[in-house]
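Peer 1: Prediction below, plus the sequence it came from.
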Amino acid sequence: MYLCGMAQILDGKAVSSFFKQQIATEVKEMVASGHRAPHLVAILVGSDGGSKTYVGAKEKACVEVGFAGTILHFDESISEEELLKEVHRINLDSSIDGLIVQLPLPKHINENKITQAILPEKDVDGFHDINMGKLTKGDYSGYISATPLGITMLLKYYHIETSGKHAVVIGRSNIVGRPMSILLSDSSETGNATVTLCHSRTQNLKELVAQADIVIAAIGKPGFVTGDMIKPGAIVIDVGTTRIDDSSKKAGWRLAGDVDFTSSELKSSFITPVPGGVGPMTITGLLFNTLKSRKRQIA
Ligand code: GUN
C-alpha cells in the first residue's frame, strides 16, 4: 500500500541538462572527426508571445549543445505559398538537418499542408504522416514527437516502471496525447502499459483517472487534475503550459499546468512541476531528434 506523503519531483530541468551534456559530447566528437555540427532551423510566423518564447528556448538549447540553430521569422501576413516555398528550399539544403515550423500558424495557412511538406527525414518534430505512421507501428526509425519522446526519457531516467500499469492520458492531440498513448501501449522499455485515452467526450473521466497508476495530463486546462481525483501513489505527468495573468510576476503572467500541484503532490508518488518538468524535456527530445538526423547523414 502507498503511504501518502510528498511526491518525488521529476526534475525535467536537471534531467534535460544531463541529456544535453551527453548530446554536447557527441557533437564535440563529431566536429573533432571533421563533420559539421547538426543544424536545426525553426520557422516562426507572426508574433504570438508563447511561440516566440518556445522558439527562442529551442535556439538557446541548440547553442548549449553545440548545434547551429537558426530562427526564420516571418510576418503574420506570409502566404501559404510563400511558406511552402521556404519549406521546399530548406528540404533541399543539405546543410540543414532538422526543420520545425512552430504551431499554431495563422488561420489562413493550412497547418497540415505545411507539416506534410517537410521532408520526413528532416521532420524532427515527428508531425509528418510517415513519422506518425511509423510510430503507430512501433517502428522507431523515424522521429517521435518531441514532448512524448521527452516524457519517455524522463520516465527512463527515473526508472519508472510502465509495464502492466494503467496509464490514463487526458487529451488526444496529434502532438502529445495520441503519440503518448501509442508509446505507452507499445512493447518497449517505457511501454507495455494498459492505456486509456480520455478526451472532451469522455463521460466517466474522474472514475478513469481514479484508476490510473500513471496520469498524463495534456489538455491545456489549468488545474484540471486535482489531488482528490488521483489514486494514492500515482505518477503524474503535467504537460500543460497555459499562460495566466499574474500581476505579481514581472512579465505579468505565469505558466500554469493542467494539474493542481499543491493537492496532487500530496497524493502522488512522482510528479512533474510546471515550469521545470515536461517543458525542458520537450526541448531535449527535439535536440535528440536533430542529432539523430545528422548522424544518419554521416553513417
Ligand atoms: N506548438 C506547440 N508545441 C509544439 C511543438 O512541439 N512543435 C511545434 N513545431 N509547434 C508546437
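Peer 2: Thanks, I have it. Residues are numbered from 1 along each chain as shown.

Peer 1: mind checking which helix or strand residue 95 is in?
Peer 2: Assessed by DSSP states H and E, residue 95 sits outside every helix and strand.

Peer 1: and it, what does it touch?
Peer 2: 36, 39 (C-beta atoms under 8 Å, 6 or more residues apart in numbering). Glycine gets a C-beta too; all of them are placed from N, C-alpha and C.

Peer 1: Relative to residue 67, how far out is residue 60?
Peer 2: Going from residue 60 to residue 67 by C-beta to C-beta, to the nearest Å gives 11 Å.

Peer 1: out of those two, which sits in the more crowded spot?
Peer 2: residue 67 (24 against 11; other C-beta atoms under 10 Å).

Peer 1: Would you mind listing what in this protein touches the ligand?
Peer 2: Contact residues, the chain versus the ligand (C-beta under 6 Å from any ligand atom): 100, 101, 102, 103, 125, 146, 147, 175, 282.

Peer 1: Narrow those to those in strands?
Peer 2: 100, 101 (DSSP state E).

Peer 1: which of the residues of the chain next to the ligand count as buried?
Peer 2: Neighbour counting by 16 or more other C-beta atoms under 10 Å classes 100, 101, 102, 103, 125, 146, 147, 175, 282 among these as buried.

Peer 1: on that earlier part again, can you redo the residues of the chain next to the ligand as CSV, where the extra columns are distance to residue 39 and pLDDT?
Peer 2: Below are those laid out as CSV (distance: C-beta to C-beta, whole Å; pLDDT from 0 to 100):
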residue, distance to residue 39, pLDDT
100, 12, 98
101, 16, 98
102, 17, 98
103, 21, 97
125, 15, 98
146, 17, 98
147, 22, 98
175, 23, 97
282, 19, 98
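
Peer 1: Name the residue of the stretch 101-250 of the chain with the shortest distance to the ligand.
Peer 2: Nearest residue of the stretch 101-250 of the chain to the ligand: residue 103, at 3.8 Å (C-beta to the nearest ligand atom).

Peer 1: List just the nearest of the buried ones among the residues of the chain next to the ligand to residue 11.
Peer 2: The closest of those to residue 11 turns out to be residue 282 (C-beta to C-beta; 14.7 Å).

Peer 1: What are the boundaries of the strands in the stretch 1-150 of the chain?
Peer 2: For the stretch 1-150 of the chain, the strands defined by DSSP state E, counting those that start in this stretch cover 8-9, 39-45, 68-74, 98-101.

Peer 1: what's the first one packed up against?
Peer 2: Going back to what we said before, that points to strand 8-9. strand 270-271 (3 or more C-beta pairs under 8 Å, 6 or more residues apart in numbering; DSSP states H and E).

Peer 1: mind listing what the strand it packs on pairs with, with the direction of each?
Peer 2: strand 8-9 (parallel), strand 235-238 (parallel) (DSSP bridges).

Peer 1: residue ranges with poor pLDDT in the chain?
Peer 2: 1-4 (pLDDT under 70).

Peer 1: run the last query once more with 80
Peer 2: Applying pLDDT under 80 to the chain flags the ranges 1-5.

Peer 1: Of the strands of the stretch 1-150 of the chain, which is nearest residue 267?
Peer 2: Per C-beta to C-beta, nearest to residue 267 of those: strand 8-9, 13.0 Å.

Peer 1: which residues touch the closest one?
Peer 2: Residues outside strand 8-9 that contact it (C-beta under 8 Å, 6+ apart) are 158, 269, 270, 271, 272, 273.

Peer 1: List just the nearest of those residues to residue 113.
Peer 2: Looking across those and measuring by C-beta to C-beta, the closest to residue 113 is residue 272, at 33.5 Å.
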